[in-house]
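Trainee: no letters, just coordinates:
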Ligand SMILES: Cc1cc2nc3c(=O)[nH]c(=O)nc-3n(C[C@H](O)[C@H](O)[C@H](O)COP(=O)(O)OP(=O)(O)OC[C@H]3O[C@@H](n4cnc5c(N)ncnc54)[C@H](O)[C@@H]3O)c2cc1C
């Protein structure tokens with residue numbers, strides 16, 4: 001990077017020169033040099049946010065993409081999400097360090113989100129509801145105050161933008177609060193719709209069919225050069241599913257204008273709904289949504305934000321978050337043989353991590369060496385696409 005910086009001082013940068021510099025800097029971080037996906041036929045199993053994002057990135061790099069999914073996007077966990085892009089608050093929830101592999105990946109993806117949102121919007125001609133207003137995190141108990149203080153120190157030490165809001169901004173029951181400038185949101189439902197449209201515009205095909213093996217894929221789509229397995233909870237490296245229930249309210253006058261987080265709860269205001277979430281259930285008897293659980297979420301949200309008391313419920317739902325034994329996402333090449341890749345186990349952070357996952361998978365499909373950032377997320381020996 002410093003070499004590129006020195007060269008940039010010596011000559012006036014032309015547009016071509018700037019592109020070379022950017023490619024060089026990229027090579028030092030993500031190790032992308034020049035695209036080689038051009039003309040390759042890539043099949044992707046699963047069209048949630050991860051499969052669609054990988055497909056979008058590969059289409060952008062000139063690949064011929066065929067996606068397989070038996071269900072509509074509205075059935076996916078990605079549709080059930082709240083759309084938060086939250087590297088800082090999630091760092092606190094997963095109890096990590098600002099410079100551990102997971103946080104590095106999360107912050108890298110969050111940094112990439114503005115460009116990603118613009119690219120999807122331009123390629124699809126559709127809005128994605130990307131909203132860069134910071135997230136307000138509040139603490140209501142002594143324990144939460146301690147955790148928020150520790151987060152504040154970690155973020156400051158890591159050079160991330162964070163500040164304590166003036167007293168008037170603090171909402172119901174809060175003893176302290178932080179404005180997290182790195183944490184923001186996208187409308188995940190608009191995003192999925194736009195990604196699908198962009199892939200279609202770029203020549204990608206979506207086949208309404210479940211697939212389990214390479215033979216099945218090739219029988220349906222002809223010979224493929226590479227397969228990306230992105231079937232969420234269906235992938236064999238996913239050991240657990242964590243149920244999340246949530247609900248939405250109709251927009252209301254005086255309602256919040258930014259994401260608010262408190263303990264495990266959140267309020268996420270969008271143009272056409274206010275999302276309130278979410279439960280986190282590792283043991284559950286059924287995947288169904290329950291009135292009791294979602295009413296409890298609503299009650300907690302109303303205590304934090306009394307303006308929500310007048311808003312009517314528009315929807316209740318549940319989704320299953322895919323979790324690997326390591327707790328980390330699994331992103332990379334499966335084994336040394338065929339060109340099979342996997343991208344799954346994004347657990348609570350599939351929306352946040354979609355751009356960086358797409359980039360890492362597209363780089364892997366193009367045959368670039370495994371970058372530093374992705375080493376901790378490589379599939380381990382013995383992981384396979386199918387059981
Ligand atoms: C309530 C809730 C709130 C959440 N909020 C957030 C949030 O704010 N921010 C965030 O970053 N993350 C959030 N998450 C997590 C996020 O939703 C997931 O990490 C993400 O959706 C996983 O995406 P995916 O594409 O791997 O899986 P999915 O979205 O589940 O997609 C997998 C797809 O594979 C398809 N499939 C299954 N079997 C086959 C087969 N045999 N062949 C082909 N296709 C198949 C499925 O039909 C599905 O469409 C939330 C999750 C929940 C439940």
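Mentor: Cool, got the structure. Quick caveat, the model's predicted, so the values are computed rather than measured.

Trainee: so residue 62 sits against residue 39, correct?
Mentor: Yes: counting by Cβ atoms under 8 Å, residue 62 touches residue 39, with 6.4 Å between them. All C-beta spots, glycine's among them, are computed from the backbone N, C-alpha and C.

Trainee: those two: which has the busier surroundings?
Mentor: residue 62 (14 against 9; other Cβ atoms under 10 Å).

Trainee: does the nearest residue in space to the more buried one that is not next to it in sequence sit in a helix, a strand or a coil?
Mentor: Leaving aside its sequence neighbours, residue 62 sits nearest to residue 38 (Cβ to Cβ, 6 or more residues apart in numbering; 3.6 Å). Using DSSP: H, G, I helix; E, B strand; the rest coil, the structure places residue 38 in coil.

Trainee: the residue of the stretch 251-387 of the chain found nearest the ligand - how many residues pack around it?
Mentor: Ranked by Cβ to the nearest ligand atom, the top residue of the stretch 251-387 of the chain for proximity to the ligand is residue 350, at 2.4 Å. Residue 350 sits with 26 neighbouring residues when counted by other Cβ under 10 Å.

Trainee: pull the contacting residues for it.
Mentor: When contacts are counted by Cβ atoms under 8 Å, 6 or more residues apart in numbering, residue 350 is found next to 48, 49, 50, 77, 78, 81, 321, 322.

Trainee: and what of residue 78?
Mentor: 48, 49, 50, 52, 188, 192, 232, 350, 351.

Trainee: same check on residue 147?
Mentor: So residue 147 contacts 92, 139 (Cβ under 8 Å, 6+ apart).

Trainee: before we move on, which element is it in?
Mentor: According to DSSP states H and E, residue 147 maps onto helix 142-157.

Trainee: in that helix, what counts as buried?
Mentor: Within helix 142-157, the residues that count as buried by 16 or more other Cβ atoms under 10 Å are 144, 145, 147, 148, 151, 152, 154, 155.

Trainee: report the separation between the third one and residue 301.
Mentor: The span separating residue 147 from residue 301 equals 20 Å under the rule Cβ to Cβ, to the nearest Å.

Trainee: what residues does the stretch 51-200 of the chain put near the ligand?
Mentor: Residues of the stretch 51-200 of the chain lying near the ligand by Cβ under 6 Å from any ligand atom: 51, 68-71, 75-78, 80-84.

Trainee: and if we set it to 8 Å?
Mentor: Residues of the stretch 51-200 of the chain lying close to the ligand (Cβ under 8 Å from any ligand atom) are 51-52, 68-71, 73, 75-86, 185, 188.

Trainee: taking those one by one, which sit in helices?
Mentor: Among those, the members falling in helices (DSSP state H) are 51, 52, 77, 78, 79, 80, 188.
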